[in-house]
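K.L.:
Show me the folded form of this:
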Amino acid sequence: MARVIYQKYQNKNRDSLAYGKWYARVKSIETLNTRKMAQHISEHGSIYTPDVVYGVLEKFRSCLVEMLLESKKVKIEGLGTFYASMETKGAATEDKFNPNEHVQGVHIRFLPETAQEQNLSSREFLKKCSFISIDELSGKKEEEPEP
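P.N.:
Numbers count the residues shown, from 1 in each chain. Sure thing, here's the model as predicted:
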């Protein structure tokens, strides 16, 4: 089972109802660039060399952006759907809405696959992993938070 590394932190926002409570966030240990991911994929019994896999991934990236900019969603079976969303500020009336003035950003979003056989929803993802603290991994003794 995969191990998700986490780091504990305390909410220090005095205006928050959760002030003083402890939480955890994923602690990433590495970012794989496209070349490293291509190398990893090719090592999984693939007949394709890392350069071929890299070429396919790079072409996918450029085509994904192209399709999203044409207001299309891109569904990768077994993984999920990429789509675009807009961040806008409001206009006083419908006829005063001007995208050049009111659109503040366009974002790429991702919705994980939820089909039963390939469910990547957060609840199913949670069932597939175990957790280890960054302190435990680094050999530090984990301190227990005060109640």
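K.L.:
count of residues packed around Gln109?
P.N.:
For residue 109 the amino acid is Arg, not Gln. 12 (other CB atoms under 10 Å). Quick note: C-beta positions are derived from backbone N, CA and C, even for glycine.
K.L.:
Test my guess that it contacts Gly80.
P.N.:
No: between Arg109 and Gly80 no contact is recorded; they are 9.9 Å apart, counting by CB atoms under 8 Å.
K.L.:
contact partners of the longest helix along the chain?
P.N.:
Longest helix of the chain, by residue count under DSSP state H: helix 50-69. With contact meaning CB atoms under 8 Å, 6 or more residues apart in numbering, helix 50-69 is reached by 34-35, 37-39, 41-42, 46, 48, 74, 82-84, 108.
K.L.:
now these as JSON lines including neighbour count, secondary structure and pLDDT?
P.N.:
Putting the contacts of helix 50-69 into JSON lines (neighbours: other CB atoms under 10 Å; DSSP: H, G, I helix; E, B strand; the rest coil; pLDDT from 0 to 100) gives the following:
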{"residue": "Thr34", "neighbour count": "14", "secondary structure": "helix", "pLDDT": "91"}
{"residue": "Arg35", "neighbour count": "14", "secondary structure": "helix", "pLDDT": "93"}
{"residue": "Met37", "neighbour count": "14", "secondary structure": "helix", "pLDDT": "92"}
{"residue": "Ala38", "neighbour count": "23", "secondary structure": "helix", "pLDDT": "93"}
{"residue": "Gln39", "neighbour count": "16", "secondary structure": "helix", "pLDDT": "94"}
{"residue": "Ile41", "neighbour count": "17", "secondary structure": "helix", "pLDDT": "92"}
{"residue": "Ser42", "neighbour count": "17", "secondary structure": "helix", "pLDDT": "93"}
{"residue": "Ser46", "neighbour count": "13", "secondary structure": "coil", "pLDDT": "87"}
{"residue": "Tyr48", "neighbour count": "13", "secondary structure": "coil", "pLDDT": "92"}
{"residue": "Val74", "neighbour count": "18", "secondary structure": "strand", "pLDDT": "96"}
{"residue": "Phe82", "neighbour count": "18", "secondary structure": "strand", "pLDDT": "96"}
{"residue": "Tyr83", "neighbour count": "17", "secondary structure": "strand", "pLDDT": "96"}
{"residue": "Ala84", "neighbour count": "17", "secondary structure": "strand", "pLDDT": "95"}
{"residue": "Ile108", "neighbour count": "12", "secondary structure": "strand", "pLDDT": "96"}
